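J.: Could you look at this predicted model? Sequence included:
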Amino acid sequence: MQDVTSAKNRLQAVRERIERACARSGRDPSSVTLVAVSKTHPAEAVAAMAQAGQTLFGESYVQEALPKLDALAGLKLRWHFIGRLQKNKAKYVAGRFELIHSVDSIELAHMLHKKCDFLGIVQPVLVQVNLGCESQKAGCSLDDTLPLAEAVAGMDGLALKGVMLLPPWDENPEANRGLFARACELRAELSARLGLPMPELSMGMSHDLEQAVEEGATLVRVGTDLFGAREPG
C-alpha cells in the first residue's frame, strides 16, 4: 500500500498531465475535475490519497462503497458512483453520492427517482451512453439517449447534469478520440434539445485522459495511475 509521499507524487503527475492537455486544447485546467477511482482499494489507501490533497473519489460496487463511505466519513470527502448500477441497488446509492455517472435506462432512473422522492432530495446524475456498441458494457444506445435524457429531465427527484462514456478498451490512447468527440457533441445536442444546462462530460481514464480532456471531458476517472494496480476482488 502506498504511503502519503507516494500518493502525492502520483497525484501531482496526473494533475500535470491534465494541465498539459488543457494547455494544448486551450482550456482552463479548472474546467477539468479529477475523480480518483478508489474501487477495490482499501479505505487506508483513500485516506493516504486524501492526505495528499485529493478530495473526490469514485466507487463502482455498492457493497464495497457504502462501508468505505462510512469508514471515511470523518474526512469529509466527496464521492461519485461511477459503476454499473443494478436497479435493485438504486435505493442504496440515492442520496449517498454527489453524482451518479451511470444511469443507463428509464427503469433505473425511475428507481432512483422513487427513492429520492421518498427522501425529499434531488440526486444529480449523468446518462451513460454506449457509443462503442459493446454488448457486455452498460450504457444506453445512441438511439435511446434522447428518450432517456427526456425521461430523467422530467423526474423531480433527479437532476440531469450531463453524459458519461466508457469506450472500448484499446492500448492506443488515440483510438477512442472520435468517440470522445462524439460524446461531447451529444452532450451539446441534448442540452440544446432539452433546454437544460448539462455541464458535465465524464470520460477518460489513466491511459487516455489526455485525449478525453482535449475533446472536452470535464470529469476524468483515474484509478491505476493514482493507486496502482487494483487489489484483488
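T.: In hand now; what should we look at?

J.: For the helix ranked longest in the chain, buried residues please.
T.: Among all segments of the chain classified by DSSP state H, the helix with the greatest residue count is helix 4-25. Buried residues in helix 4-25, defined by neighbour count with 16 or more other Cβ atoms under 10 Å: A7, K8, R10, L11, V14, R15, R17, I18, A21, C22. Just so you know, the C-beta spots here come from the backbone N, C-alpha and C atoms, and that holds for glycine as well.

J.: just stretch 156-166 next, same as before
T.: The neighbour-count check on stretch 156-166 (16+ other Cβ under 10 Å) flags G157, L158, L160, K161, G162, V163, M164, L165, L166 as buried.

J.: Can you list the low-confidence ranges for the chain?
T.: Residue ranges of the chain with pLDDT under 70: 1-2, 133-136, 230-233.

J.: residue ranges of the helices in it, please?
T.: Along the chain, the stretches classed as helices by DSSP H are 4-25, 43-52, 62-71, 90-93, 106-119, 142-153, 177-194, 209-214, 224-227.

J.: So what's the gap between the second one and the chain middle?
T.: Its chain's C-alpha centre and that of helix 43-52 lie 19 Å apart, by Cα atoms, centre = their mean, to the nearest Å.

J.: counting contacts, what elements does it pack onto?
T.: Helices and strands touching helix 43-52, by 3 or more Cβ pairs under 8 Å, 6 or more residues apart in numbering; DSSP states H and E, are helix 4-25, helix 62-71, helix 224-227.

J.: hmm, back to that, closest one of the buried residues of helix 4-25 to S191?
T.: Distance to S191, by Cβ to Cβ, is smallest for C22 among the buried residues of helix 4-25, at 21.6 Å.

J.: ok, that closest one touching S31?
T.: Yes - in terms of Cβ atoms under 8 Å, C22 counts as a neighbour of S31; the distance is 7.3 Å.

J.: Tell me which of the helices of the chain is the most buried.
T.: Scoring the helices of the chain by mean neighbour count under mean count of other Cβ atoms under 10 Å gives helix 209-214 as the most buried, with a mean of 24.

J.: What is that helix packed up against?
T.: Taking 3+ Cβ pairs under 8 Å, 6+ apart as the contact cut, helix 209-214 packs with helix 4-25, helix 177-194, strand 219-222.

J.: Which neighbouring elements make contact with the last one?
T.: To tie it back to what came earlier, the one meant is strand 219-222. When contacts are defined as 3+ Cβ pairs under 8 Å, 6+ apart, strand 219-222 packs onto strand 33-37, strand 200-202, helix 209-214.

J.: Contacts for that strand next, please.
T.: Residues from elsewhere that reach strand 219-222 (Cβ atoms under 8 Å, 6 or more residues apart in numbering): 14, 18, 32-37, 58, 80, 82, 101, 200-206, 209, 212-213.

J.: for the longest one, same thing?
T.: Outside of helix 4-25, the residues within contact range by Cβ under 8 Å, 6+ apart are 2, 27-29, 31-32, 34, 36, 48-49, 51-54, 209-210, 213-214, 220, 222, 225-227.
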